[in-house]
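# only geometry, no sequence info:
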Ligand SMILES: Nc1ncnc2c1ncn2[C@@H]1O[C@H](COP(=O)(O)OP(=O)(O)OP(=O)(O)O)[C@@H](O)[C@H]1O
Ligand SMILES: Nc1nc2c(c(=O)[nH]1)N=C(CO)CN2
């Protein structure tokens, strides 16, 4: 059983519901259990900036799946929630990225773990720090807390002052 962290983001449609549906679908997978969900954050778009604000969360999962199979599952969920790929870094119904998978460094055609941009993305580091401040980024050997201290949290706001640590309270929002 491996612990992994996933980043989820949405800026099209009912964004809170898209995040909730994605977490439900992950948890419904036979080989995945969602063990923690961060608070929801409203985040300014990064990369392609002329688009709606995002809602972002990070989820901790325990899984028997390999990293590649976890990516298959994440992509299946993206597709079933109507994700279309149009603009690079552009608007999306739902995006699921694998941030960390155990303490593995993975480099394949389909997968780079740790996620290549996570160190510079406040919308990833703020929610990740909330649920896994001591987790170590294996490429740099720095903790998430250290990465966040370096990158800062500009453009990332707690959404509607909601704070919750449990999957159940997240799904009830
Ligand atoms: N750690 C990872 N998590 C998810 N996808 C990854 C990862 N590493 C590589 N990929 C690959 O990235 C491809 C493109 O993903 P996607 O379209 O979601 O990119 P994006 O969300 O627009 O940009 P970004 O990668 O910056 O988040 C996927 O098909 C997948 O094979
Ligand atoms: N705030 C924010 N900006 C983004 C996001 C995201 O989830 N949140 N995802 C992107 C592509 O992965 C590009 N830019």
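Great, that's in hand. None of the values given here were measured: they were computed from a predicted structure. Ligands and ions are numbered 1, 2, ... in the order given.

# buried ones in the lowest-mean-pLDDT helix or strand in the chain?
Ranking every helix and strand in the chain by mean pLDDT, DSSP states H and E puts helix 167-171 at the bottom, with a mean of 82. Across helix 167-171, burial judged by 16 or more other CB atoms under 10 Å covers 167, 170-171. Heads up, the C-betas are built off the backbone N, CA and C, glycines and all.

# again with stretch 112-121
Here stretch 112-121 shows 113-115, 118-119, 121 as buried, counting by 16+ other CB under 10 Å.

# what do you get for stretch 69-83?
Under the neighbour-count rule (16+ other CB under 10 Å), stretch 69-83 has 70-71, 73-74, 77-78, 81, 83 buried.

# List phi and psi for the closest residue to residue 40 other than its chain neighbours.
Spatial nearest neighbour of residue 40, excluding adjacent residues (CB to CB, 6 or more residues apart in numbering): residue 159 at 4.1 Å. With angles defined as degrees, to the nearest 10, residue 159 sits at phi -80, psi 120.

# isn't residue 159 right up against residue 39?
Yes - using CB atoms under 8 Å, residue 159 makes contact with residue 39 at a distance of 7.3 Å.

# Could you check which of the two is surrounded by more residues?
Using other CB atoms under 10 Å as the criterion, residue 159 and residue 39 rank with residue 39 on top: 22 against 19.
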